[in-house]
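K.L.:
structure of the sequence below:
(4 chains)
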There are 2 protein chains.
Amino acid sequence: MQMGDRKKKILKAIIQDYIETAEPVGSRSIAKRYIPNLSSATIRNEMADLEEMGYLAQPHTSAGRIPSDMGYRLFVDSLMRKYALSMQEMVHMQTVMEEKIQELDVLIERAARALTSVTQYTSIAMTPDVKKGRLMSMQIVYLQSHKVLLILVTEQGVMKNRIVHTDHEINSEQAYELSSMFNKFLAGLTLEEITLARINQIKAMMAQYGDIITQMVDFITEVIGENERNVLVQGSVNLLNLPEYSDIERAKDVLQFLENKETLSNILPQVAEDGIHVIIGHENPTLGMHGCSIVLYNYKLGKVGGSIGVVGPTRMDYSKVVAALEFLKSQMEALPDKDNIQD
Amino acid sequence: MQMGDRKKKILKAIIQDYIETAEPVGSRSIAKRYIPNLSSATIRNEMADLEEMGYLAQPHTSAGRIPSDMGYRLFVDSLMRKYALSMQEMVHMQTVMEEKIQELDVLIERAARALTSVTQYTSIAMTPDVKKGRLMSMQIVYLQSHKVLLILVTEQGVMKNRIVHTDHEINSEQAYELSSMFNKFLAGLTLEEITLARINQIKAMMAQYGDIITQMVDFITEVIGENERNVLVQGSVNLLNLPEYSDIERAKDVLQFLENKETLSNILPQVAEDGIHVIIGHENPTLGMHGCSIVLYNYKLGKVGGSIGVVGPTRMDYSKVVAALEFLKSQMEALPDKDNIQD
DNA sequence: TGTTAGCACTCAAGGTGAATGAGTGCTAAA
DNA sequence: TTTAGCACTCATTCACCTTGAGTGCTAACA
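P.N.:
Residues are numbered from 1 along each chain as shown, chains lettered A, B, ... in the order given. Prediction:
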């Protein structure tokens, strides 16, 4: 069967109506509210066709039609028209991000909050599974006579620190000396390149600090080897305002999923490319999320990147959500000092 | 009216039964299951007394009785007997905390997870509103020719860092020199004591670094002045498993409350003293939480402290929750290296 | 040939009323 | 002081009916 313009127009009207009302849409209301020059009977015929083609579904014989995932997909890809964010909405998002934000975590948290408040859905975000790569610099900072602070910066600009206790007394100058030595020998190397031989070389030269050096190496191993994913969810309660989750069991499934950071971090990197992606219902690899859609923006800021997006029912206002994420994208791309960012 | 032993026994039985079943408790079931040598009629009389005294309430005339907040209070203070954690439960909590954990945040997150999994309620935790007090040490670490990392450690051992860009080129030695100078003049001072005069003194001596010094001072002001509260909630979905929240509206109220870190951080420090506290229903200062109880453990680890606890319905298994928190307390108090902890 | 009016049919949702049963308070007897 | 008995209350459940939104099909119409 062919998909004529009229069918498209009807499908679009049905989806818009359903997004708004969450009620199955009948032929009569489409005829009245969207296409007054056609009768409900005609619409009915077209709807039957659309159902046969897989774009619509019917909960039961005497109910109206609801869009199928395939219907939403067509809508998102070619039917919907761009939502224009209101001035208010833009200003709101901007103010949230405008403050000079030093840490990526904080920036993303703010962005997620802004998204939640503009879209009224739930937002999720994560910093991705970056291999931390090379050791860029290791600093040892004197704190007290037997206590120093190790600070490690990776190639990506990610910074980690740890306080360690030392067997021997150490002072500020010695700490500095040790840092210099460490950097001379190890800076710029990957975990594989930091061999026992090199470490022993350092140990030989600074024998009295053997125990600190061991702790430093442990620390490097942990940080460079680790796959840290910081996942964050904002506004999950919003889901409960939606009629699709007035059934508490359904709501529980999704909330459970959102609360479990491990499963959540598995789903997010499924879409690899940068940019904005829409994942609808069953396209979602996780079983419990088949009733949900996700709109995801994979960002890249300097050398680190991650995902931020919105989770909602398949009956989500895609147009608005995509607009919000596009705006966010433009804001983040315009950010000065992209490498001035830490983990 | 006097509160005899028999009344206490009956009240205790009612509360235990209600905690278990969440259904109003009738005289007959008490007579059968808890006190077989008394008839239901006798129990009924006693229950009428207990209601008059304020320990019980009746949803409607033909229903059983449910405990009032006052009843729970008496139960917690003098009726309940200690729950003994099972070996399994203890081992579970221990393994979660046993791994060598360097950061307070991580430790507390693990502890909260353990609490949730043992009690099946929701756990909340926060690091408290510590005034960061004195500047203990400020380090400047060279990163790139125009980029340095500032690291600030406060008296409490809390550590913060920030990357700043410099107008003039700066190298590793210069950074070290600047750190030393800064520490010589400002270490050990409170925010009030760091006067403009002192800062100008440093600037005069190291004129070429004027812009970095300004940024350093900004950073100090922010960190020492700030009231950072890190709030964390774990297992809020568990609430939805409870019959009291099968009504989605009630659930929404509480979840909303738990999701809002600002309001949440207002409630936690209400109880100031260290140790374990039980806050029941209306004792809770926040309106939306009147149907909830909170069991809170205010910990102190070295120089920092905070709260961790469990949120549940007033019909919470206080005995078990208190036992779990007491176990947690014992574990945290036995922790080695209490000052080896960072924020 | 495409469109429309009309009609019989389906089915979820909402309301009514009776039956059920858990629980109470009161009274009188043990 | 305790208990058995009884009348009474009230939430819950279920069957039953009504209502109304919506459909598919057919026949008439442009």
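
K.L.:
phi and psi next, for the residue of chain A found nearest DNA strand C.
P.N.:
Closest residue of chain A to DNA strand C, CB to the nearest atom of the strand: A:S62 (2.5 Å). Any C-beta I mention is one placed from the backbone N, CA and C, and that applies to glycine too. Geometry field for A:S62 lists phi and psi as phi -100, psi 20, criterion degrees, to the nearest 10.

K.L.:
so what's the residue count around it?
P.N.:
By other CB atoms under 10 Å in any protein chain shown, 8 other residues sit near A:S62.

K.L.:
from A:Y34, how far off is it?
P.N.:
Distance of A:S62 to A:Y34, given as CB to CB, to the nearest Å: 22 Å.

K.L.:
residues touching the one residue in the stretch 1-150 of chain A that gets nearest to DNA strand D, list them.
P.N.:
Here the stretch 1-150 of chain A gets closest to DNA strand D at one residue, A:G26, 2.6 Å apart by CB to the nearest atom of the strand. Listed by CB atoms under 8 Å, 6 or more residues apart in numbering or on different chains, the contact set of A:G26 reads A:40, A:64-65.

K.L.:
make a markdown table from these and add neighbour count, secondary structure and distance to A:R73 to it.
P.N.:
Below are these laid out as a markdown table (neighbours: other CB atoms under 10 Å in any protein chain shown; DSSP: H, G, I helix; E, B strand; the rest coil; distance: CB to CB, whole Å):
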| residue | neighbour count | secondary structure | distance to A:R73 |
| --- | --- | --- | --- |
| A:S40 | 16 | helix | 27 |
| A:G64 | 20 | coil | 20 |
| A:R65 | 25 | strand | 16 |
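
K.L.:
contact residues of the stretch 51-200 of chain A facing DNA strand D?
P.N.:
A:51, A:58, A:61-65 (CB under 7 Å from any atom of the strand).

K.L.:
and which of those is nearest B:S172?
P.N.:
Nearest to B:S172 among these: A:R65, at 69.3 Å, using CB to CB.

K.L.:
show me what contacts the closest residue to the closest one other than its chain neighbours?
P.N.:
Leaving out its chain neighbours, the residue that sits closest to A:R65 by CB to CB, 6 or more residues apart in numbering or on different chains is A:L56, at 4.2 Å. Contact analysis of A:L56 by CB under 8 Å, 6+ apart lists A:11, A:14, A:47, A:50, A:65-68, A:71.

K.L.:
again, but for A:E46
P.N.:
Here A:E46 is in contact with A:6-7, A:10 (criterion: CB under 8 Å, 6+ apart).

K.L.:
highest neighbour count among these?
P.N.:
That'd be A:I10 among the contacts of A:E46, by other CB under 10 Å, with 27 neighbours.

K.L.:
so what's that residue closest to, chain neighbours aside?
P.N.:
Nearest non-adjacent residue to A:I10 (CB to CB, 6+ apart): A:E46, at 5.1 Å.

K.L.:
mind checking how far whichever strand or helix holds that neighbour is from the chain centre?
P.N.:
A:E46 belongs to helix A:40-53 when elements are defined using DSSP states H and E. Here helix A:40-53 shows a centroid-to-chain-centroid distance of 38 Å under the convention CA atoms, centre = their mean, to the nearest Å.

K.L.:
just stretch A:71-82 next, same as before
P.N.:
Using CA atoms, centre = their mean, the offset of stretch A:71-82 from its chain centre is 22 Å.

K.L.:
which of the residues in that stretch are buried?
P.N.:
Judged by neighbour count using 16 or more other CB atoms under 10 Å in any protein chain shown, the buried positions of stretch A:71-82 are A:71-76, A:79-80.

K.L.:
bridging residues for the residue nearest to A:R65?
P.N.:
In this entry, A:L56 is beta-bridged to A:P67, by DSSP bridges.

K.L.:
does the helix holding A:E46 reach DNA strand C?
P.N.:
Yes - using CB under 7 Å from any atom of the strand, helix A:40-53 comes into contact with DNA strand C via A:41-42, A:45.

K.L.:
so which of the residues you listed wins on neighbours?
P.N.:
The most crowded member of those, judged by other CB under 10 Å, is A:T42 (15 neighbours).
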